[in-house]
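In: My questions are about this predicted structure, shown below with the sequence.
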Amino acid sequence: MAQIPEQYLDEDGRPPPGTWAPAHRAALRIVTPIQSILAVEAASGILLMITTAVALIWANSPYASAYEHLWHTQLGLSIGSAAFERPLHFWVNDGLMTIFFLVVGLEIRREIHEGALAGLRLAALPLAAALGGMLVPAGIYAALNAGRAGSAGWGIPMATDIAFAIGTLTLLGNRVPSTLRVLLLALAVIDDIGAILVIAIFYSDGVQVASLGVAAAGIGGVIAMQAVGIRGPGLYVIPGLVLWIGLYDAGIHPTLAGVVLGLMTPVVPWRGPSQSARLQHVLHPWVAYGIMPLFALANAGVALGSADLGGDSLYVFAGIVAGLALGKPLGIAAASFAATGMRLASRPDGATPGGIVLVGMVGGIGFTMSLFVAQLAFPPGPMLDTAKLAILVGSAAMVVSGLVFGRISLAPRPPAES
């Protein structure tokens, strides 16, 4: 049985008076992981800001050639005449990011089982907010780029970077109630589901059906290992690698292997915390403090002179910036108010109208997932560099706007309410 954190017990190790111990422990199973996730994401968001600044400065410094050379360094394996070598950039975006998506899959699995998505009533508000926050920015981008060379980038402004968003809320201190952070977390989880579906359906190459058999073999291996009771996470690396190879050969982005494995991970506890909870606890800091900053370093280094703000590229830039800075806040806030106004969802305590608008504003910080989709939408070249620059501009605008709006609209709360 998981140990109850000290802040929820008195000096004698007892829960608050009048509580029923089993119910108290059940509630903490939900509250404690959320607090841990929010704390890690907040610190990761600050680290991402620093790493992004380093990448931008490096890519526009006299050492820019070293930056480009680093990410084009070839790495791989060779056995006899067979070799699989790819640039370091590939191993970050297609290799390490698989672990990022594994954690995303684990979080989705946990939220559906016992978190903010465990029931329709709980999920109604973040579901409405996330849908509005995906459809409106995609619509704005599509309207601006219809019939143009950059039309494929409609999925770029749909995403929310939870680490950056939570990090921004953290900078507002005790002005932000915990209910807003939880709402943002639940919204981002649904947002991730939407992004995963968009990547799988619209941003995968022509699917090679024969290679799907290899991917199916990897999934079958996972199912078989679970059926015989194998619980050691390390042993699942082999079928997971088979799944990754199958998806890669099939033309489906291989990072989705991480999502599949995360969703298949057992969430029902057996002799202690569930395998899903243990894996998430172990991997989340590595992803937040290692993989995501490395991804930012590899992808946020836009040489400003290589971006093109003329012709069709200008519409790509405008579509992304408008999608993130206008579409995201408008979509999230309007859908949230509509859902609560029609009594399809209830607004949690502390989530004032101003607070929901703030969630919409920081929801416009796309960054990690937006950069990821941009890599799939456009080949290397000026249009991709323009898209990256637009993501940085739009996300930075929402960081600043969120901080200013939060300072103006939310008053500091007494320590007892923080």
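Out: That came in fine, so what should we check first?
In: Stretch 303-320 - what's its average pLDDT?
Out: Across stretch 303-320, the average pLDDT comes to 91.
In: cool, stretch 150-160 as well?
Out: Average pLDDT, stretch 150-160: 93.
In: Now do the same contact list for F317.
Out: Applying CB atoms under 8 Å, 6 or more residues apart in numbering, one finds that F317 lies in contact with A307, L309, T386, A387, L389, A390, V393. From N, CA and C alone the C-beta is placed, and that goes for glycine too.
In: ah, wrong one, I meant L376
Out: Per CB under 8 Å, 6+ apart, neighbours of L376: I199, Y203, H253.
In: hang on, the earlier thing: now the buried members of the contacts of F317.
Out: Restricting these to buried positions leaves A307, T386, A387, L389, A390, with burial counted as 16 or more other CB atoms under 10 Å.
In: Give me the lowest-pLDDT entry from the residues you listed.
Out: Least confident of those in the model: A307, at 85.
In: what's the helix or strand for L56?
Out: Per DSSP states H and E, L56 falls inside helix 21-59.
In: swap that for G76, sorry
Out: Here G76 is assigned to strand 74-79, by DSSP H and E.
In: Could you check how far that strand is from the centre of its chain?
Out: Strand 74-79 sits 30 Å away from the centroid of its parent chain (CA atoms, centre = their mean, to the nearest Å).
In: Against which helices or strands is that strand packed?
Out: When contacts are defined as 3 or more CB pairs under 8 Å, 6 or more residues apart in numbering; DSSP states H and E, strand 74-79 packs onto strand 82-87.
In: next helix or strand past the helix or strand that contains V357?
Out: Element membership for V357 (DSSP H and E) is helix 353-362. Using DSSP H and E, the helix or strand that follows helix 353-362 towards the C-terminus is helix 368-377.
In: Could you point out the helix or strand that follows that next one?
Out: On the C-terminal side of helix 368-377, the nearest following helix or strand under DSSP H and E is helix 382-409.
In: Now do that next one against helix 353-362, angle only.
Out: If you take axes from the mean of the first three to the mean of the last three CA atoms, to 10 degrees, helix 382-409 sits at 160 degrees to helix 353-362.
In: so T170 makes contact with L47?
Out: No - assessed by CB atoms under 8 Å, T170 is found out of contact with L47, at 11.9 Å.
In: So if we follow the domain assignment, how does the chain break up?
Out: Here the domain parsing of the chain from automatic domain parsing is 41-204+253-417, 205-252.
In: How far off centre is the longest one?
Out: Spelled out, it's domain 41-204+253-417. For domain 41-204+253-417, the distance to the chain centre is 4 Å (CA atoms, centre = their mean).
In: thinking again about what came up before, right, and out of the buried ones among the contacts of F317, which lies closest to R110?
Out: A387 (32.4 Å; CB to CB).
In: For that closest one, give its distance to G153.
Out: Separation of A387 from G153 (CB to CB, to the nearest Å): 6 Å.
In: quick one: common contacting residues for the two?
Out: V316, I320, A374, A377, F378.
In: Distance of the closest residue to the second one other than its chain neighbours relative to A43?
Out: Leaving aside its sequence neighbours, I320 sits nearest to A390 (CB to CB, 6 or more residues apart in numbering; 3.7 Å). If you measure A390 against A43 using CB to CB, the figure is 27 Å.
In: and if you look at L56?
Out: Remark: distance between L56 and A43 (CB to CB) = 21 Å.
In: sorry, back to before: show residues contacting the helix holding V357.
Out: Residues from elsewhere that reach helix 353-362 (CB under 8 Å, 6+ apart): 129, 133, 164-165, 168-169, 176-177, 179-180, 183-184, 187, 328-333, 336-337, 347, 398-399, 401-402, 405-406, 409-410.
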